[in-house]
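S.K.: Please find the sequence and the predicted model below.
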Amino acid sequence: MLSLVTLKDLETQNLILREMRIGDGKDLAHFMTQPRYQRFIAQRLENEREVMGFVARQVATQGESGRRSFHLVAEERYSAEVVGDAFLMARMDRSAEIGWGLHPALWRVGFGTEIGRAVLALGFEHLKADKLWCKVMRLNVASAALAKRIGMTLTEKRENYAVAPGRFEPVDFYSMDAETYFNLPY
């Protein structure tokens with residue numbers, strides 16, 4: 001699982017998930033700095049400069065042998081507009097934490113589900129993970145519903161989980177193992 005240096009682009013019905021590029025900073029900042037987007041995000045980037053710095057740090061790690069962190073953008077297939085983001089963070093135990101985000105203007109149209117399913121495919125089929133899991137702040141009912149919709153199961157609830165320095169929230173953990181993934185109906 002750890003020898004993979006880059007992830008291949010993955011196409012869904014409406015999106016292409018690919019690794020971040022330096023030029024994605026402004027597009028990501030357009031929605032990542034919005035209060036609606038940040039409401040349930042642990043790492044809040046305050047402005048375009050911070051988003052561009054984050055993108056530069058992620059791009060700098062691409063190509064490193066043994067890297068464990070993969071940050072992706074979701075672009076709309078036909079317009080090439082960046083509409084969302086995702087990540088996979090591999091662990092030594094052959095599991096990986098996953099997460100996703102979507103431009104608030106595109107909530108409730110199915111793009112979040114496409115991103116979630118694509119991240120599962122990347123984790124199980126490309127990273128060869130045995131288990132994928134995500135953290136969802138309990139008040140984020142949309143992400144909890146998405147986790148369930150893509151086949152993940154609620155496995156743990158924590159009442160005062162540290163989501164950021166000095167910030168504690170009730171958080172639910174969802175997971176899926178490789179056997180379950182490879183037995184999902186298409």
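M.R.: On my side now, so go ahead.
S.K.: low-scoring pLDDT stretches of this protein, where are they?
M.R.: Flagging of the chain using pLDDT under 70 yields the residue ranges 1-5, 186.
S.K.: at 80 instead, please
M.R.: 1-6, 43, 186 (pLDDT under 80).
S.K.: where exactly do the helices run in it?
M.R.: 25-32, 35-38, 48-61, 111-121, 141-149, 178-182 (DSSP state H).
S.K.: wait, which of those is closest to R94?
M.R.: Taking Cβ to Cβ, helix 178-182 is the member of the helices of the chain nearest to R94, at 9.0 Å. Yep, even glycine has a C-beta here, placed from its N, CA and C like the rest.
S.K.: The closest one: which residues count as buried?
M.R.: Buried residues in helix 178-182, counted by 16 or more other Cβ atoms under 10 Å: 178, 180-181.
S.K.: contacts for it?
M.R.: By Cβ atoms under 8 Å, 6 or more residues apart in numbering, the residues outside helix 178-182 that reach it are 120, 124, 129-132, 151.
S.K.: Kindly report the same for stretch 144-156.
M.R.: 100, 112-113, 116-117, 120, 132-134, 136, 138, 172-176, 180-181, 184.
S.K.: Give me the buried subset of those residues.
M.R.: The neighbour count (16+ other Cβ under 10 Å) marks 100, 112-113, 116-117, 120, 132-134, 136, 172-176, 180-181 as buried among the contacts of stretch 144-156.
S.K.: Contacts only, for R108.
M.R.: Taking Cβ under 8 Å, 6+ apart as the criterion, R108 is in contact with A142.
S.K.: Give the closest residue to A56 in space, chain neighbours not counted.
M.R.: Nearest residue to A56 in three dimensions, chain neighbours excluded: I22, at 6.4 Å (Cβ to Cβ, 6 or more residues apart in numbering).
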